[in-house]
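1. Could you look at this predicted model? Sequence included:
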Amino acid sequence: MGTGGIGIVRVSGPETKQIAHRLLGRHPEPRIAEYGSFRDEKNEPIDSGIALFFEGPNSYTGEDVLELHGHGGVVVQQLVCKRVLVLGARMAEPGEFTQRAYLNNRIDLAQAEAVADLINASSAEAVRASSRSLSGLFSKEVHTLDENILKVRTYVEAAIDFAEEDIDFLSDETLQIQVEATRAHLNSLLTRTREGAVLHQGLTVVIAGAPNVGKSSLLNALLNEDRAIVTEVAGTTRDTLSEKIHIHGMPVRLIDTAGLHESEDRIEEEGIARAQSAIQQADLILWVTEDHDVKHPSESPTTHLMVLNKCDLTSNKPGLVRDNTVRISALQKTGLKELRELVAQFAGHRVSDDAFAGRPRHISALEAVGQHLQKVEEFLASGMGELAAEELRQAHQQLGKIVGETSTEDLLGEIFSNFCVGK
Amino acid sequence: MGASTLLVTQSIETIGQMSCNPAIGGIGKTHLVREVDALGGAMALATDRSGIHFRTLNASKGPAVQALRAQTDRALYKAAIREIVEQQNGLRVFQDSVVDLDLVGDRVQNVLTRTGIRISARTVVLTTGTFLGGRIFIGHEQHEGGRAGDPPSNVLAQRLRALPFRVNRLKTGTPPRLDGRTVDYSQFEIQPGDGNNTVFSYIDSVHSHREQRPCHITHTNRTTHDIIRRSVEDSPMFSGAIEGIGPRYCPSIEDKVVRFAERSQHQIFVEPEGLNTTELYPNGISTSLPFNVQQEFVRSIRGFADAHITRPGYAIEYDFFDPRDLEPTLQTTQVENLFFAGQINGTTGYEEAAAQGLLAGLNASLQAADKSGWYPRRHEAYLGVLVDDLTSFGTNEPYRMFTSRAEFRLRLRQDNADQRLTPNGHELGLVSRERWQQFQQKYQTITAAKEQLQQTVIQPNDFRVPMLEQETGESISREVRLVDFIKRPRVTVRAIQRAGWLQDIDAKIAEQAAIDIKYEGYIARQDQEIKKAKSAEKMTIPVPFNYTEVNGLSTELRQKLSESQPKSMASAAKIQGMTPAALALLAIYVKRNREQRKIA
């Protein structure tokens, strides 16, 4: 998954039809490109685009296939993926579509040659790509985790297979401690990976500032519609207002808040309290001031973007002022492009700066490892060594999916590697 | 199975001879013994009749990894095996040495004996043990031998080396045996057996048991280690006289002392050789040091100060054939009616040998009757794991079974080998009518017991609840089905029975039902894995396959694949360093190869 103009999510398998129906709200016609929205569980659109349905065996994989051509943003794609997963799909193993095509006799001799060449070609690229993504801290930590699980397994297996030696570690406290430490390490890795996987829910951006600096006007300007009531009366916004917009294909939850000041109006007071709690939960705060106003917050934390509004009144030129400061006119809708850029940059910064740019399949594997390790702890505590061993084996197998090692059991499933050979 | 079979042996007296320690079973190994039994084999029956010390290992761990182990009386074991052999319909015994095979094309026509007799057979099974090119080492002394006191099979070894099999050398060893009258038992820790409550065979009862004897435990010490360290250069293992590779898990005492220098002692199990002999088998000090050194270090051990060595310890090196040249039926790939079983395939252990003997024998018999072969898969039996490991990856040390080799360990239990295999045994004609009837009856009662567990609900106000809570340490505050209650870790079926439930069910049957229920969830999960593995197994790779034509494989992988020639994508996936990309490529080239052959 990466950023591109169009993002394609492909679903293959016997349940594709049901998934399509629930996602699109209709039964798609085979081989007809239809534009529509992809819906979440509340029937609200996640994204819109073209849905293409191929009925098996006349599809790439030989099974029912649904292709969703939506917006290319990473977060949008992840949301669509996530929705499809909830509807009963699972993340494809690397190259699994081609694998299925192969198993279902969809590739003949000539095509097989072509695909082999493709694999050869993309293999080099994949090696480069994976050495990039796996040479970082993420890879290092996953390998450490792998080693630690191996170590624990060694102990547990030895205790089982060599019961007559003096090595019954199963009731040993150090083993418990080691499992706990491994799990703690996993959890922190998982947290960082989740963060890195581009903010599942999209970015939460809060518009804050003193009363009457034009926060609601900014919301409207970004929304391109008169959603919030705007008057020149300070304190018009009493409650927080939340709206979804897309910035460069990335979903953003935009929250307009009541202006922060001392107020004796009970309703406004409540609005201010809500504003403060929204600010605390924000990924990013657009701190709005009037352009002529010199009252900036004494420090501007990294989660703040300074927005100098009403530049139409100062005749300063709208646009970027500093790294984290932009001058705009919400009224005249100027400087908004630069503001959008800044927000996107901020999101991108958070992603690329984090070495743990894990992919959804990394996260789901790590989550599974975590569940297994939790069971390991329980079983060790209750003296059920053979079940602890089984959970460890499964944990190891899950981890093997990330580090790319082939597990003994998952045979064809690991066939075809970390590249989408595609057609 | 009705085959007419001739057993040719160097010496009828040595049928059932235990060359190594007088014990059967152990973790992973008992699983094999029970599987052999479930398929109508002799080992469990002979052990029940000759066992003088039974112990359940891993008793505190779950049933999937528990294992019975028995010390046997060597003489009784041999007698029991001899009796079973002699009473086997269709089996005849002939004493002679096989020295040659008459090959016509890729078939054995006859075997030729030392006395010049030609015996023809539709199929031939070779079980040469450590006798092929066997060489015995004690210190700097070395001589040819198949086992202490028995000559090796050198002519046959030379003959087989001329065939297109890959040959290599392995090594194993034994400790010196001691005269029990010269050791001081008061210096040992005693290790009693579990008493008379367990048997190996599914069709035996404890009534087959003989008188029971305890084992003893003593340890080496720093003095012992000093003596050994001083003389290590005299061990053929270290002097380089032995090229064969010994097992890592069963090292000689000199190996242990050198490799684990930080340890101040090593455990020795003092095992009785039998009821009517004073000879002892000190398990844990296998050695090939010179005799005088053996004597010196033995006498430094607690309880052995005056010990008399009755037979010196020795190392033995022998030929084995690369098991990758075998089908999983144990038929050789080069000679279609020749089968190999036991140490000739690189394994060690009585149990591993027995399992292979059974498999090779039944397949030789199937082939002789023009039927297709049979072997269990990895998820069906340890025997399946064994042949898959051997024929897919070969081995570079004597191969021994461990439960950790079996990824489906939770289903491959020693308690359910009959459930897993007796129906196959019945179909193949391996299982007696009595065994089959007993089996069917047992599983009917288990099914009924499971049903009862499903139906029974524990009410919190039941008068038996306080007792149950006390027995299990679990509290019961609302009604709970017995089937759910039993899944709790601390709950045993025995406790439930003691508290007053399920009292009309035989304890063993209840236990079996409970084990099945406890592992239910895991087994369901493994079913998914098995399904995947099966589809990979179905994708066969022709042997030999030309891996040089697969563009894009690394040189290292290409070499590994060429060497091991995996027979399926499943086996290929297990090769070390195999990447998903490489497998993808391979899949395509295999398919291409197949289609090209179709055209040709």
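-> Nice, I can see it.
2. counting residues per strand, which one in chain A is longest?
-> Of all the segments assigned as strand in chain A under DSSP state E, the longest by residue count is strand A:45-54.
3. In three-state terms, label B:Lys61 for me.
-> coil (DSSP: H, G, I helix; E, B strand; the rest coil).
4. distance of it from chain A?
-> Distance of B:Lys61 to chain A, given as Cβ to the nearest Cβ, to the nearest Å: 5 Å. Using the backbone N, CA and C atoms, a C-beta is placed for each residue, glycine as well.
5. ok, back up a step: can you give the strand pairings for the helix or strand just after the longest strand of chain A, parallel or anti for each?
-> Under the assignment DSSP states H and E, the closest C-terminal helix or strand after strand A:45-54 is strand A:65-71. Paired neighbours of strand A:65-71 in the sheet (DSSP bridges): strand A:6-12 (antiparallel), strand A:45-54 (antiparallel).
6. Export the ones you listed as JSON lines, with columns for distance to B:Ala353, mean neighbour count and mean pLDDT.
-> Formatted as JSON lines, the strands paired with strand A:65-71 follow (distance: least, Cβ to Cβ, whole Å; neighbours: other Cβ atoms under 10 Å in any protein chain shown; pLDDT from 0 to 100):
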{"stretch": "strand A:6-12", "distance to B:Ala353": "48", "mean neighbour count": "21", "mean pLDDT": "83"}
{"stretch": "strand A:45-54", "distance to B:Ala353": "56", "mean neighbour count": "19", "mean pLDDT": "86"}
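7. Turn those strands into TSV, including distance to A:Gln397.
-> Shown next, in TSV, are the strands paired with strand A:65-71 (distance: least, Cβ to Cβ, whole Å):
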stretch	distance to A:Gln397
strand A:6-12	23
strand A:45-54	32
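8. For A:Ala389, find the nearest of those strands.
-> Closest approach to A:Ala389 among these (Cβ to Cβ): strand A:6-12, 34.5 Å.
9. Quickly list what A:Asn256 is bridged to.
-> Actually, residue A:256 is Asp rather than Asn. Judged by DSSP bridges, the bridge partners of A:Asp256 are A:Ile207, A:Leu241.
10. Pull the number of nearby residues for it.
-> Residues near A:Asp256, counting by other Cβ atoms under 10 Å in any protein chain shown, number 26.
11. now do the one 3 residues further on
-> Residues near A:Gly259, counting by other Cβ under 10 Å, number 22.
12. How about it, nearest residue that isn't a chain neighbour?
-> Leaving aside its chain neighbours, A:Gly259 sits nearest to A:Pro211 (2.8 Å; criterion: Cβ to Cβ, 6 or more residues apart in numbering or on different chains).
13. burial count for that neighbour?
-> A:Pro211 sits with 17 neighbouring residues when counted by other Cβ under 10 Å.
14. cool, A:Asn187 as well?
-> A:Asn187 has 14 neighbouring residues, counting by other Cβ under 10 Å.
15. give the contact list for it.
-> With contact set as Cβ atoms under 8 Å, 6 or more residues apart in numbering or on different chains, A:Asn187 has these partners: A:Gly370.
16. so it, which of the three states?
-> Classification of A:Asn187 by three-state DSSP places it in helix.
17. Next one: it from A:Ile207, what distance?
-> Separation of A:Asn187 from A:Ile207 (Cβ to Cβ, to the nearest Å) stands at 34 Å.
18. same question, A:Arg253
-> From A:Arg253 across to A:Ile207, the span is 11 Å (Cβ to Cβ).
19. Many thanks, I have nothing further to ask.
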